[in-house]
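Undergrad: Kindly return the folded structure for what I paste below:
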Amino acid sequence: MYLYHGSNMLVDHPKLLLNQRALDFGAGFYLTSSRDQASRWAKTVTRRRNSGDALINVYTFKDEKLEELMVLRFDTADSEWLDYVVRNRKGTAAETAYDIVIGPVANDSTLPVIDDYMSGVYTKEEAVKRLLPQKLTDQYAFLTEKAINCLIFEKGEPI
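TA: The predicted structure follows:
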């Protein structure tokens with residue numbers, strides 16, 4: 001399968017970077033199977049950093065590699081996904097044993113719901129009810145070197 005990483009630079013050798021921001025699935029190298037999502041992210045990152053050129057980094061990932069890795073998969077933005085994202089965003093998640101976490105991406109439409117849940121405005125049930133109808137793209141968080149070593153860089157495509 002092809003996976004995409006939107007950036008303002010060529011990323012032919014992905015690295016695990018310790019993030020200063022709390023991300024959905026923790027510190028790691030994030031990709032998506034959606035070329036459109038990667039394109040939007042590349043434009044956003046380029047605009048925020050005010051440097052480089054928006055491009056999509058394209059990687060091959062062989063599905064059979066998933067059998068060799070510890071993988072956590074969320075098929076939908078349900079209560080388990082919500083709890084996992086909230087723990088990571090609050091910085092209270094335990095050290096993970098997973099190489100890859102796969103699931104929906106919290107985007108501009110979901111973040112207000114997650115923020116309201118975190119601040120106690122919504123119950124978990126109400127937050128999930130508001131999240132489930134949304135059509136969210138996926139994200140693949142590669143959290144270990146073992147996982148990153150399974151990626152094969154193909155090319156960088158300017159947008």
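Undergrad: ok, and the closest non-adjacent residue to residue 11?
TA: Nearest residue to residue 11, sequence neighbours excluded (Cβ to Cβ, 6 or more residues apart in numbering): residue 57, at 4.7 Å. (Glycine included, C-beta is placed from N, CA and C.)
Undergrad: As PDB, could you dump the C-alpha coordinates of whichever helix or strand that neighbour is part of?
TA: Under the criterion DSSP states H and E, the helix or strand holding residue 57 is strand 55-60. Listed in PDB are the C-alpha atoms of strand 55-60, where the atom choice follows Å, rounded to 0.1, in the frame of the first residue of the first chain:
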ATOM      1  CA  LEU A  55       5.000  18.400  -1.100                       C
ATOM      2  CA  ILE A  56       3.700  14.900  -0.600                       C
ATOM      3  CA  ASN A  57       6.200  12.300   0.400                       C
ATOM      4  CA  VAL A  58       5.200   8.900  -0.900                       C
ATOM      5  CA  TYR A  59       6.100   5.600   0.800                       C
ATOM      6  CA  THR A  60       5.400   2.000   0.100                       C
END
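Undergrad: And that strand, what does it pack against?
TA: strand 2-7, helix 35-49, strand 152-158 (3 or more Cβ pairs under 8 Å, 6 or more residues apart in numbering; DSSP states H and E).
Undergrad: Where among those is average confidence lowest?
TA: Mean pLDDT is lowest for helix 35-49 out of those, coming in at a mean of 94.
Undergrad: That helix vs strand 55-60, what angle?
TA: 140 degrees (axes from the mean of the first three to the mean of the last three Cα atoms, to 10 degrees).
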